[in-house]
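**Student:** A predicted structure for the sequence below; I have some questions about it.
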Amino acid sequence: MARPTIFDRPMTDAERMRRYRARKKEPQQPRPPTVREWAHERRVSERSVYYAKIASTGFDKNFWHNYVGGKYNDHIGHCIGIQFLAEVVQYGTVRAQHLVREAIEREGDAAARALWRRIIRRGKRYAELRRRREAATEYRRYYAKHGPLPWWRKSPHG
């Protein structure tokens, strides 16, 4: 367009209309797909897509391609869960991530999970994660013993 409107006199109505019509004729940029569309296209759950986004920050840029391609399978062929990998990236230090990745490559899924449990038990910075896991186990125990909660009770302790 001819002149910047910020530094000069105000736009006339004709100029405003001309700019609006020119903007309307320009092809719009395609928007990036939403998480739901991306998940539907690849036939996975939305939760898996969110886990993949978290895990890609710590493992590698092409995490989803490598995960589906079997790079993170252990030597027996078992696929390591995407939730486990996302948890390692989200809560683990760089050193812990490196150790878990090496354990996956050398000994497989079970050894990596055992190592991660040891790291969580030992470190002070994992207190929040330990608390969440304990709460989840307590809820699972209650649910197994008493069945589903009635709709009027919001929590097992209330």
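**Tutor:** Alright, I've got the coordinates.

**Student:** what is the mean pLDDT for the helix or strand residue 110 falls within?
**Tutor:** Secondary structure assignment for residue 110, by DSSP states H and E: helix 109-122. Helix 109-122 carries an average pLDDT of 86.

**Student:** so what does the helix or strand following it touch, helix or strand wise?
**Tutor:** Remark: after helix 109-122, the chain's next helix or strand is helix 127-146, criterion DSSP H and E. Applying 3 or more CB pairs under 8 Å, 6 or more residues apart in numbering; DSSP states H and E, one finds that helix 127-146 makes contact with helix 109-122. Using the backbone N, CA and C atoms, a C-beta is placed for each residue, glycine as well.

**Student:** now do whichever helix or strand residue 95 is part of: distance to the chain's middle.
**Tutor:** Assigned by DSSP H and E, residue 95 belongs to helix 94-106. Its chain's C-alpha centre and that of helix 94-106 lie 19 Å apart, by CA atoms, centre = their mean, to the nearest Å.

**Student:** buried stuff in it?
**Tutor:** Of all the residues in helix 94-106, those buried under the rule 16 or more other CB atoms under 10 Å are 96-97, 99-101, 103-104.

**Student:** try stretch 34-54
**Tutor:** 39, 44, 48-49, 51-52, 54.

**Student:** give me the subset of these lying in helices.
**Tutor:** 39, 48-49, 51-52, 54 (DSSP state H).

**Student:** for the helix or strand of the chain with the lowest mean pLDDT, packing partners?
**Tutor:** Scoring the helices and strands of the chain by mean pLDDT, DSSP states H and E places helix 63-69 at the bottom, with a mean of 70. Secondary-structure packing of helix 63-69 (3+ CB pairs under 8 Å, 6+ apart): helix 46-58.

**Student:** just want the angle from the helix it packs on to helix 94-106.
**Tutor:** With axes from the mean of the first three to the mean of the last three CA atoms, to 10 degrees applied, the angle from helix 46-58 to helix 94-106 works out at 110 degrees.

**Student:** what's the closest of the buried residues of stretch 34-54 to residue 137?
**Tutor:** residue 51 (20.5 Å; CB to CB).

**Student:** what sits against the residue lying closest to that closest one once chain neighbours are set aside?
**Tutor:** Using CB to CB, 6 or more residues apart in numbering and skipping the chain neighbours, the partner closest in space to residue 51 is residue 86 (4.0 Å). With contacts defined as CB atoms under 8 Å, 6 or more residues apart in numbering, residue 86 is in contact with 51-52, 54-55.
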